[in-house]
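[1] just coords:
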Ligand SMILES: [Zn+2]
């Protein structure tokens with residue numbers, strides 16, 4: 001699956017929103033990527049997951065780890081495609097944790113899967129969690145990298161499409177200056 005095919009799927013499922021958004025961080029932007037709108041179609045989530053899985057085909061992944069809630073569906077599909085288990089992290093008192101009896105062992109080869117990467121801060125929390133649990137991190141994968149700068153992790157990082165979206169502080173936002181009404185996104189950006 002190439003970049004244009006991924007963009008086509010995101011576009012036709014309405015996942016690339018244009019407008020004036022206030023992100024959970026308080027920053028403003030003129031675009032927002034809502035992958036849930038794509039992942040609501042099992043056909044597309046399976047296609048995108050297979051494209052991610054293909055990049056890690058030879059890595060003998062045993063666990064796909066995703067942050068709740070947005071990336072759970074994708075993580076499940078990637079795990080299915082590589083023949084691994086799928087587990088997810090949840091925020092407990094602000095900290096990403098494994099709940100529900102989920103665990104990692106030192107024999108686990110872990111792939112972290114996220115739908116959209118903005119700053120990589122959530123992924124970094126997951127990387128730390130893998131380390132704390134002695135799992136072996138093989139890589140990080142996402143459908144969309146929406147950072148304007150290059151995101152780097154110590155481990156391998158793969159994304160299907162890069163859609164750089166500029167963020168503005170309120171006083172510098174060109175849309176605010178034009179008086180365009182802003183849509184405030186929910187906690188953690190509608191996730
Ligand atoms: Zn604005």
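    That came through, no problem. Fair warning: this is a prediction, and the values are worked out from it, not measured in the lab. Residues are numbered from 1 along each chain as shown.
[2] Am I right that residue 76 falls within a helix?
    Yes. Note on residue 76: a helix contains this position according to DSSP: H, G, I helix; E, B strand; the rest coil.
[3] Test my guess that it contacts residue 85.
    No. Residue 76 is beyond contact range of residue 85, at 9.8 Å (criterion: Cβ atoms under 8 Å). Using the backbone N, CA and C atoms, a C-beta is placed for each residue, glycine as well.
[4] Tell me which of those two has more neighbours.
    residue 76 (19 against 15; other Cβ atoms under 10 Å).
[5] Report the separation between the residue nearest to the more buried one when sequence neighbours are not counted and the ion.
    Using Cβ to Cβ, 6 or more residues apart in numbering and skipping residues adjacent in sequence, the residue nearest residue 76 is residue 86, 4.6 Å away. Applying Cβ to the ion, to the nearest Å, the value for residue 86 to the ion is 37 Å.
[6] hmm, back to that, so what sits against both of residue 76 and residue 85?
    Jointly contacting residue 76 and residue 85 under the rule Cβ atoms under 8 Å, 6 or more residues apart in numbering are residue 64.
[7] quick one on the thing from earlier: residue contacts, the residue nearest to residue 76?
    Per Cβ under 8 Å, 6+ apart, neighbours of residue 86: 63, 64, 66, 72, 75, 76, 78, 79, 80.
[8] Please repeat the previous calculation with a cut-off of 10 Å.
    Counting by Cβ atoms under 10 Å, 6 or more residues apart in numbering, residue 86 makes contact with 63-66, 72-80, 102, 113.
[9] any idea of the pLDDT on it?
    Per-residue pLDDT puts residue 86 at 98.
[10] which element follows the one helix or strand it maps to toward the C-terminus?
    According to DSSP states H and E, residue 86 maps onto strand 85-92. Downstream of strand 85-92, the first helix or strand assigned by DSSP H and E is strand 95-98.
[11] just to revisit the earlier point, okay, buried residues for the strand holding residue 86 please.
    86, 87, 88, 89 (16 or more other Cβ atoms under 10 Å).
[12] any chance of those residues in TSV, with distance to residue 5 too?
    Output for these, formatted as TSV (distance: Cβ to Cβ, whole Å):
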residue	distance to residue 5
86	24
87	29
88	27
89	29
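[13] Which single one of those residues is nearest to the ion?
    Each of the buried residues of strand 85-92 was scored against the ion by Cβ to the ion, and residue 89 proved nearest at 31.4 Å.
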